[in-house]
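Engineer: build me a model from this:
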Amino acid sequence: MAKQEKKRADRLQKRVDSLTIKLDEAMKDELVALLLANQHKMTDIQRTFWISQMDAIGKDDKRGIRWNPMLIRIALHLHSLSPNTCQFFDTTKILILPSKRRLYDYSHFVEAQEGCQKELLLMIKQKAEKCGSEDHFSYINLMFDEMNIKTGIVTHRSTGKLIGYTNLSGVDEEIAKIQQELTMRTYRPRLAKKVLVYVARGITSDVKDVVAIFTTDDLAAHQLYDRTWDVIYHLEEAGLKVLTLSFDGASVNRKFAMMHESLDKSSAYTYCTKNLATEDHRPLFFIIDPPHLLKTIRNALANSFSHRKSRKLWKNGEHLSWKVLEEVYEITKNWKHTGHKLKKDHIKLSSFSVMTVIYATQILSNSTAKAIEDLSSHPSMSKYQTKELVKFIRLMNRFFDCVNTRIEPSEDTTNQDKEPFFDENDSRLSFLEKDVLNYFEDWKSEVTERPGEYTEADRNKMIISHQALGALQITIKSITSAIRYMLQVGAPCVGARVFNQDPAEQYFAKLRRKQGDGNNPLVKNVLDSRLSLVAQGHVASTSTSSKGNVQGEKRKGEIEVDSSPLPSRKVSRKSQE
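Structural biologist: A predicted model of the protein is given here:
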């Protein structure tokens, strides 16, 4: 791979050399005069870039250049996207950027370690404080998720430490040794297969940063419990208040939530517990990631009389069948204007489309419900029941709008359900707590009381899984309670979108993209990339893709110029010599 990259770089260099045109003095002076004459039209970032380039051109030695911190952030980001591009700029002198060696000092300003690092937590706290002195800016949603990594061992070039093994706690390591001894085997450290990543997102602030990374093998609930509370204690000590925990519906995550004492004794599910890391023991709410939850519900519908055929959804005397959606697609697939967004990938679910959120949201949308209603009288639809299916789809559409509201108000007033929450008595909160939850409670009762000789397994197939029902209760009760709590502590408004896992998904995408080939990174790559992204700051978020399994966020206007000093690696005299 390295040889192929070198050959490719050499070919590109030869091509550049053949196309290079040297500017004579007159043309150079004309170009400079043109840029100087139009400085007033430049944006702040363009002006900063131009001034830095002019300063660099005037230096005979790059070591004498005092780089603007914003240029360092941009250079770090360019290097993370494509090192070959930066090498091309350096060779051709099209742009003058900080050297690779200088960038290393900024992207490795501290030694990369597992767990929480106090230096990084302090930077996150300072970011929250820049938003304002009000108390509500210090509240965060803490999310966690696992990412597969490439198994392998790398030696740390400074310390000689082997990186790539799971970093177990003292108790876990002793248990592992005892288990190995009981089976008459020599104890060997386990290679890490995954990393457990914790991301903090400010509920009203701009915080959106990785706060801890742990190597894992097969994560157990008690290990997740220890690591999560370790992170919460560190965040609280740093002055960041953890109000919510967001995670997907994996079994280990559900077991983790069940390990806590519930504050609401009337609820069958633990959605709220005491935050033991605080003196006032304020509440800590658990949230099952709404996009993951919506996919789970869509999958239940997809398997109703289709695909795996593991469900036979039945509500109010009617079957909810995926065959209806297949028929709608077949009827309209050759139409020029359909009124819905259904395509083959929506209907014939693959291993990719079944994991893609946008396909679930477009299936469970008002446009799909309207298409079913409009085609209900079509001859091909006469064999299907559609009334309850339409009602179900519309309910899920509004449910997702209400738990995925915008962070800031919008001028688009076509859908008020997507606006932030300003009032504790907002009717949407009542809709979630009463209409949605009562709908599924009624569904359970109807299935239980349905006349006929049905086994328990048969009745379980008539409704979505009990795990999904529990996740709905946990998510709705937690989100509505967290929104009311934030409004009570002075937040002007709350966007429910801050409670989903999109930042974690975006972070994983950046890690894979940094590999160049989209493959999973090694442990060392993950730890180093964390520091590099911290150094890049808000510049790294400007290239977040709107494609994939996350909600794309549009960047407002130009990139804000941040010339605040960047931390740099302290080079010892011995290393300089």
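
Engineer: and the closest residue to residue 344 other than its chain neighbours, what does it touch?
Structural biologist: Excluding the flanking residues, the one nearest residue 344 by CB to CB, 6 or more residues apart in numbering is residue 329, at 7.4 Å. (Glycine included, C-beta is placed from N, CA and C.) Residues near residue 329 by CB atoms under 8 Å, 6 or more residues apart in numbering: 342, 343, 344, 346, 347.

Engineer: check contacts around residue 60.
Structural biologist: So residue 60 contacts nothing (CB under 8 Å, 6+ apart).

Engineer: closest one of the contacts of residue 329 to residue 57?
Structural biologist: Of all these, residue 57 sits closest to residue 343, with 52.0 Å by CB to CB.

Engineer: quick one: neighbours of that closest one, just the number.
Structural biologist: Residue 343 has 14 neighbours, counted by other CB atoms under 10 Å.

Engineer: hmm, back to that, using CSV, lay out the contacts of residue 329 together with pLDDT.
Structural biologist: As requested, those are exported to CSV (pLDDT from 0 to 100):
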residue, pLDDT
342, 91
343, 93
344, 94
346, 95
347, 96
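
Engineer: returning to what we had before: can you tell me the element the residue nearest to residue 344 falls in?
Structural biologist: Here residue 329, judged by DSSP states H and E, is contained in helix 323-332.

Engineer: model confidence score at residue 83, please.
Structural biologist: Here the pLDDT value assigned to residue 83 is 84.

Engineer: what is the neighbour count of it?
Structural biologist: So residue 83, with other CB under 10 Å, has 15 neighbours.

Engineer: look up phi and psi at it.
Structural biologist: Main-chain torsions, residue 83, degrees, to the nearest 10: phi -60, psi -30.

Engineer: do residue 287 as well
Structural biologist: According to degrees, to the nearest 10, residue 287 has phi -130, psi 120.

Engineer: return the residues in contact with it.
Structural biologist: 141, 244, 245, 246, 247, 474, 475, 478, 479, 482, 499.

Engineer: try residue 144
Structural biologist: 196, 197, 198, 199, 224, 228, 245, 246, 247, 504.

Engineer: sorry, back to before: so which of the contacts of residue 329 sit within helices?
Structural biologist: 344, 346, 347 (DSSP state H).

Engineer: pull out the buried residues from the longest helix along the chain.
Structural biologist: Criterion DSSP H: the longest helix present in the chain is helix 466-488. Neighbour-count burial for helix 466-488 flags 468-487 (criterion: 16 or more other CB atoms under 10 Å).

Engineer: would you agree residue 141 falls within a strand?
Structural biologist: Yes: counting by DSSP: H, G, I helix; E, B strand; the rest coil, residue 141 is part of a strand.

Engineer: correct me, but it touches residue 201?
Structural biologist: Yes: counting by CB atoms under 8 Å, residue 141 touches residue 201, with 4.9 Å between them.

Engineer: shared neighbours, these two?
Structural biologist: residue 498.

Engineer: start to end distance for stretch 513-533?
Structural biologist: 13 Å (CA to CA, to the nearest Å).

Engineer: and if you look at stretch 125-144?
Structural biologist: End-to-end distance (CA to CA), stretch 125-144: 19 Å.

Engineer: so, low pLDDT: which residues of the stretch 1-150 of the chain?
Structural biologist: 1-5, 8-9, 12, 15-29, 31-32, 35, 39 (pLDDT under 70).

Engineer: list the buried residues for stretch 383-391?
Structural biologist: Those would be 384, 385, 386, 388, 389, 390, 391, for stretch 383-391 by 16+ other CB under 10 Å.

Engineer: pLDDT below threshold where in the stretch 401-550 of the chain?
Structural biologist: 516-518, 542-550.

Engineer: export the host helix or strand of residue 361 to PDB, keeping only CA atoms.
Structural biologist: Secondary-structure element containing residue 361, defined by DSSP H and E: helix 357-363. Taking C-alpha atoms only, helix 357-363 is exported to PDB below (Å, rounded to 0.1, in the frame of the first residue of the first chain):
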ATOM      1  CA  VAL A 357     -32.100   6.300   9.500                       C
ATOM      2  CA  ILE A 358     -33.300   8.300   6.500                       C
ATOM      3  CA  TYR A 359     -35.000   5.300   5.000                       C
ATOM      4  CA  ALA A 360     -36.900   4.700   8.300                       C
ATOM      5  CA  THR A 361     -38.000   8.400   8.600                       C
ATOM      6  CA  GLN A 362     -39.300   8.400   5.000                       C
ATOM      7  CA  ILE A 363     -41.200   5.200   5.400                       C
END
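
Engineer: may I see the buried residues of stretch 561-573?
Structural biologist: By neighbour count with 16+ other CB under 10 Å, stretch 561-573 contains the buried residues 561, 566.

Engineer: how far is it from where the chain is centred?
Structural biologist: 28 Å (CA atoms, centre = their mean, to the nearest Å).

Engineer: what does that stretch contact?
Structural biologist: 44-45, 48, 68-70, 72-73, 104-106, 108-110, 119, 123, 535, 537-538.

Engineer: would you verify that residue 412 is located in a helix?
Structural biologist: No: Residue 412 is assigned coil when assessed by three-state DSSP, not a helix.

Engineer: which residues touch it?
Structural biologist: Taking CB under 8 Å, 6+ apart, one finds nothing in contact with residue 412.

Engineer: follow-up on the earlier one: could you dump the longest helix of the chain to PDB, C-alpha only?
Structural biologist: Taking C-alpha atoms only, helix 466-488 is exported to PDB below (Å, rounded to 0.1, in the frame of the first residue of the first chain):
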ATOM      1  CA  HIS A 466     -41.200  -5.700  24.400                       C
ATOM      2  CA  GLN A 467     -37.700  -4.200  24.200                       C
ATOM      3  CA  ALA A 468     -39.000  -1.600  21.800                       C
ATOM      4  CA  LEU A 469     -42.000  -0.900  24.000                       C
ATOM      5  CA  GLY A 470     -39.700  -0.400  27.000                       C
ATOM      6  CA  ALA A 471     -37.400   1.800  25.000                       C
ATOM      7  CA  LEU A 472     -40.300   4.000  23.900                       C
ATOM      8  CA  GLN A 473     -41.300   4.500  27.600                       C
ATOM      9  CA  ILE A 474     -37.800   5.200  28.700                       C
ATOM     10  CA  THR A 475     -37.100   7.700  25.900                       C
ATOM     11  CA  ILE A 476     -40.300   9.600  26.000                       C
ATOM     12  CA  LYS A 477     -40.300  10.000  29.800                       C
ATOM     13  CA  SER A 478     -36.700  11.000  29.900                       C
ATOM     14  CA  ILE A 479     -36.800  13.500  27.100                       C
ATOM     15  CA  THR A 480     -39.900  15.200  28.400                       C
ATOM     16  CA  SER A 481     -38.500  15.300  31.900                       C
ATOM     17  CA  ALA A 482     -35.100  16.600  30.800                       C
ATOM     18  CA  ILE A 483     -36.700  19.400  28.600                       C
ATOM     19  CA  ARG A 484     -38.800  20.600  31.600                       C
ATOM     20  CA  TYR A 485     -35.800  20.400  33.900                       C
ATOM     21  CA  MET A 486     -33.700  22.600  31.500                       C
ATOM     22  CA  LEU A 487     -36.500  25.200  31.100                       C
ATOM     23  CA  GLN A 488     -36.800  25.300  34.900                       C
END
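
Engineer: figure out the helix or strand that residue 292 lives in.
Structural biologist: Secondary structure assignment for residue 292, by DSSP H and E: helix 290-302.

Engineer: which residues are in contact with that helix?
Structural biologist: Here helix 290-302 makes contact (CB under 8 Å, 6+ apart) with 248-249, 311, 313, 320, 322, 349, 354-355, 357, 359-361, 363-364, 392, 396, 400, 403-404, 464-465, 467-468, 471-472, 475, 479, 496, 499-502, 549, 551.

Engineer: what is the burial count for residue 234?
Structural biologist: 19.
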